[in-house]
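Asks: starting from these lines, generate the structure:
(one chain, ligands or ions: 2)
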Amino acid sequence: MAKPISVETLHTRVRSIFEKCGMSEANAEAVAAVIVAGERDACKSHGIYRIEGCMRVLAAGKVEPKAVPELVDTGKAVIEVDANGGFSNPAFDAAKAALVARAKETGLAALVIRDCLHFSALWHDVEALAKEGLASLSMCPSYASVAPTGGKEPLLGTNPIAFGWPRPAEHPYVFDFATSVAARGEIELHRRAGTEIPDGWAVDKEGNPTNDPDAALAGAMLPFGGHKGSAISTMVELLAGAMLGEFMSKEALDFMGGTHLLPRHGALVLALDPATFSARSGRDPLAEGERLLTAIGAQGARLPSQRRFKARDLSLREGIELSDAELAQLDLFEAQ
Ligand code: NDP
Ligand code: PYC
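Replies: Residues are numbered from 1 along each chain as shown. Ligands and ions are numbered 1, 2, ... in the order given. Modelled structure (predicted):
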């Protein structure tokens, strides 16, 4: 194992790989930021492993490398940003200030991200909103790779959903997960490592349970929590696909021509100002939240994102440990 690499150095290297692929400075910066944040926080399924996937969609011409996001703010609760076929991350960055301002003004605001290539973890966005004192929910479809509970054909995406809640003196409360048992990225990491996937993650093409990552990727993944996860995943398709007039996971798959290319569709972010909602109650919502969150911790249960924040602290202090294979791949991408 080589010496750890600093977060800044990794960021510079990833950004320059994307600039070499033809991305504008601003887009390369935003995409590198979310990938390096994933690696820094030990979220390997959406860390540097994703560079290759991004390069593949760039090479296939299915994402606009120099897209300039266009903000459409009519002063109403729903703000739109058109990613114009570019990555979702610069589009979110371009709209964040308007979303925060509207949520604080009216108590509740929504951001619609249109026509974006979305490959990243969602915690990045809800954490940014929690830093502004807002609660938020973020969701998007993906590409059809998950069978609804009771079915066996891929129809739903891995459809992630993330929630953020601000905490006055702590990292925010954040959960962020695929509505499939595991993110597709996790299965791909098992395939690369030559290891089996756990029971219950997926079925093969015939609908039989499988532990083989290749058979799982060719078959169908399963929603988490049976019919409950299946329904939440369907809700994501309806709210962040049908309602926005953007691709649902089946259409995203057809548009990309297969799961070898990352999906293009829309995304929905809801931002809520806790102070506005509780104003007439005379109670402090953040203090109420603290009571619950500390009681959970007092039982010895860990909060979601606690592992991630710990990994972040370590990476910022000591750098990020990458395997020799990962470093060799970075060198290869830089040389291309
Ligand atoms: P995980 O199952 O790894 O984690 C889900 C969440 O649960 C995290 O917030 C995690 O916190 C928390 N958690 C895990 N174990 C515990 C525990 N024992 N107690 C309390 N909390 C726990 O996530 P997934 O594999 O489902 O998803 C990984 C990422 O993939 C997400 O960031 C998601 O946004 C992304 N994704 C993106 C897609 C896209 O289309 N853009 C599609 C699908 C997924 P912690 O991190 O601290 O462990
Ligand atoms: O890991 O499921 C996943 C995924 C799909 C698109 C981006 N990430």
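Asks: and residue 104, how many neighbours does it have?
Replies: Summarising burial for residue 104: neighbours were counted as other CB atoms under 10 Å, giving 16. The way it works is simple: take the backbone N, C-alpha and C, and place the C-beta from them, glycine included.
Asks: got it, and residue 222?
Replies: The burial count assigned to residue 222 is 23, neighbours taken as other CB under 10 Å.
Asks: who's in contact with it?
Replies: Contacts here follow CB atoms under 8 Å, 6 or more residues apart in numbering; on that basis residue 222 touches 146-147, 149, 180-181, 200-203.
Asks: which element is the residue nearest to residue 48 when sequence neighbours are not counted on?
Replies: Using CB to CB, 6 or more residues apart in numbering and skipping the chain neighbours, the partner closest in space to residue 48 is residue 39 (5.0 Å). When elements are assigned from DSSP states H and E, residue 39 belongs to helix 25-40.
Asks: following element in sequence after that helix, please.
Replies: Moving toward the C-terminus from helix 25-40, the first helix or strand encountered (DSSP H and E) is helix 49-59.
Asks: anything in that next one near ligand 1?
Replies: No: using CB under 6 Å from any ligand atom as the criterion, no contacts between helix 49-59 and ligand 1 are found, and the smallest distance is 9.5 Å.
Asks: use 526 as the first number for this chain going forward.
Replies: Renumbered: residue one is now 526, and that last one reads helix 574-584.
Asks: check which helices and strands that helix is in contact with.
Replies: Helices and strands touching helix 574-584, by 3 or more CB pairs under 8 Å, 6 or more residues apart in numbering; DSSP states H and E, are helix 532-545, helix 550-565, helix 709-718, helix 849-860.
Asks: nearest to ligand 1, of these?
Replies: Smallest distance to ligand 1 across the helices and strands packed on helix 574-584 (CB to the nearest ligand atom): 5.2 Å, for helix 709-718.
Asks: wait, does the helix or strand just after that closest one contact ligand 1?
Replies: Next in sequence after helix 709-718, counting helices and strands by DSSP H and E, comes strand 727-728. No: contact between strand 727-728 and ligand 1, assessed by CB under 6 Å from any ligand atom, is absent, since the two come no nearer than 13.2 Å.
Asks: stretch 607-617 too?
Replies: No: judged by CB under 6 Å from any ligand atom, stretch 607-617 makes no contact with ligand 1; its nearest approach is 7.9 Å.
Asks: tell me how many other residues surround residue 746.
Replies: With neighbours defined by other CB under 10 Å, the count for residue 746 comes to 27.
Asks: so it bridges to which residues?
Replies: Note on residue 746: beta-bridge partners by DSSP bridges are residue 671, residue 727.
Asks: quick one: contacts for it?
Replies: Contact criterion CB under 8 Å, 6+ apart gives 670-672, 679, 683, 705-707, 709, 712, 726-727 as the residues in contact with residue 746.
Asks: same thing with residue 829?
Replies: 698-701.
Asks: make a PyMOL selection of the buried ones in those.
Replies: To isolate the buried members of those in PyMOL, using 16 or more other CB atoms under 10 Å:
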select buried, resi 698+699+701
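Asks: from the contacts of residue 829, which ones fall inside strands?
Replies: 698-701 (DSSP state E).
Asks: buried residues, the helix or strand containing residue 833. List them.
Replies: Element membership of residue 833, judged by DSSP H and E, is helix 831-843. Along helix 831-843, these residues count as buried under the neighbour rule (16+ other CB under 10 Å): 833-834, 836-837, 839-840.
Asks: how far is stretch 639-649 from where the chain is centred?
Replies: On the basis of CA atoms, centre = their mean, to the nearest Å, stretch 639-649 sits 6 Å off its chain's mean C-alpha point.
Asks: likewise stretch 771-785?
Replies: The chain centre lies 17 Å from the centre of stretch 771-785; the measure is CA atoms, centre = their mean.
Asks: that one and ligand 1, are they touching?
Replies: No: with CB under 6 Å from any ligand atom as the threshold, stretch 771-785 lies outside contact range of ligand 1, at a closest distance of 9.1 Å.
Asks: ok, the helix or strand bottoming out on mean pLDDT in the chain near ligand 2 or not?
Replies: Counting by mean pLDDT, DSSP states H and E, the weakest-scoring helix or strand in the chain turns out to be helix 709-718, with a mean of 92. Yes: Helix 709-718 lies in contact with ligand 2 when judged by CB under 6 Å from any ligand atom; the contacting residues are 709-710.
Asks: other residues contacting that helix?
Replies: Under the criterion CB under 8 Å, 6+ apart, external residues in contact with helix 709-718 comprise 569-571, 574-575, 667, 670, 683, 703, 721-722, 726-727, 738-739, 741-742, 746, 784.
Asks: ok, residue 585 touching residue 787?
Replies: No: look at residue 585 against residue 787 with CB atoms under 8 Å: they stay out of range, at 9.8 Å.
Asks: ok, the two, which is more surrounded?
Replies: Neighbour comparison, residue 585 and residue 787: the larger count goes to residue 787, with 22 against 13 (by other CB under 10 Å).
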